[in-house]
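> Kindly return the folded structure for what I paste below:
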Amino acid sequence: MPRLISVLALAGVLVGGIPIVSMAQGLSGLTIFSGVERNNQLSYRLDHNGRPNRRDRYRLRISGRKLDFAVAQFAVTYPASYQGSFDPDAMEIRINGRSVPLEEVTWDPENRLIELFPVEPIPARTSVELVFSNVRNPRFAGMHYFNALVRTPGDVLAPQYIGTWILSIGD
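Numbering: from 1, shown residues only. Got it, this is the predicted structure:
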């Protein structure tokens, strides 16, 4: 009987200690002590596991519940600690999996700002996905807070904050 208990305990440790490898990093999941209120955390997916110093595709999602108004501009800010790079020619806005025509996409690395301007404003209460393809992840692992800001049609004020994606880069 003691031998059976030892075998079961060892099996439990082995099964619990082996990490499960997924095809893509999933949603943000449970984040404790992030400094970002739970209702401000946005979901995302990294198509190529978020491995350091590798090419990746970021799918940054914004629920329609966050967009009480039409959106004429999406802005994404990121911290100085994020040393990856972006390809503005490989960025898009998707609604229900379909790409929305864009008027302009800009990446300002000095100010750590990405801006996407759809040709037509995105209607209120529409869920969107900002897709950044051909991204070069930073060389080192880390957590990076990407902030989502939006501007309504005709708005001359600063963009309005709507949430934060807490991206995890690393094995």
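> in this protein, which ranges drop under the pLDDT threshold?
1-37, 171 (pLDDT under 70).
> Tell me which stretches of it form helices.
Shown for the chain, the helices assigned by DSSP state H span residues 2-17.
> quick one, what contacts the nearest residue to residue 168 once chain neighbours are set aside?
Distance criterion CB to CB, 6 or more residues apart in numbering; nearest residue to residue 168, sequence neighbours excluded, is residue 143 at 5.5 Å. No exception for glycine: its C-beta is placed from N, CA and C like everyone else's. Each residue near residue 143 by CB atoms under 8 Å, 6 or more residues apart in numbering is listed here: 166, 167, 168, 169.
> which residues does the residue nearest to residue 160 when sequence neighbours are not counted bridge with?
Using CB to CB, 6+ apart and skipping the chain neighbours, the partner closest in space to residue 160 is residue 150 (5.7 Å). On the basis of DSSP bridges, residue 150 is bridged to residue 74, residue 160.
> What separation is there between residue 150 and residue 161?
Look at residue 150 and residue 161: by CB to CB, to the nearest Å, they are 9 Å apart.
> circling back: touching, the residue nearest to residue 160 and residue 68? I think so.
No: Residue 150 is beyond contact range of residue 68, at 10.2 Å (criterion: CB atoms under 8 Å).
> These two - which one has more neighbours?
Ranked by neighbour count (other CB atoms under 10 Å), residue 150 and residue 68 place residue 150 first, with 22 against 11.
> tell me the contacts of the more buried one?
With CB under 8 Å, 6+ apart, residue 150 has these contacts: 67, 71, 73, 74, 75, 159, 160, 162.
> Now the first one. Its backbone dihedrals?
In other words, residue 67. Residue 67 adopts backbone torsions of phi -110, psi 90, taken as degrees, to the nearest 10.
> shift numbering so it begins at 31
Sure, I'll start counting at 31 from here, so that last one is residue 97.
> residues contacting it?
So residue 97 contacts 152, 154, 155, 156, 158, 180, 192 (CB under 8 Å, 6+ apart).
> and if you look at residue 192?
72, 92, 96, 97, 178, 179, 180.
> from the residues you listed, which single one is nearest residue 84?
residue 72 (22.8 Å; CB to CB).
> Could you measure from that closest one over to residue 179?
12 Å.
> What's the local residue count around residue 104?
25.
> ok, now which ones touch it?
Residue 104 neighbours (CB under 8 Å, 6+ apart): 92, 123, 145, 146, 148, 158, 160, 178, 179, 180.
> Could you check how far stretch 144-159 is from the centre of its chain?
16 Å (CA atoms, centre = their mean, to the nearest Å).
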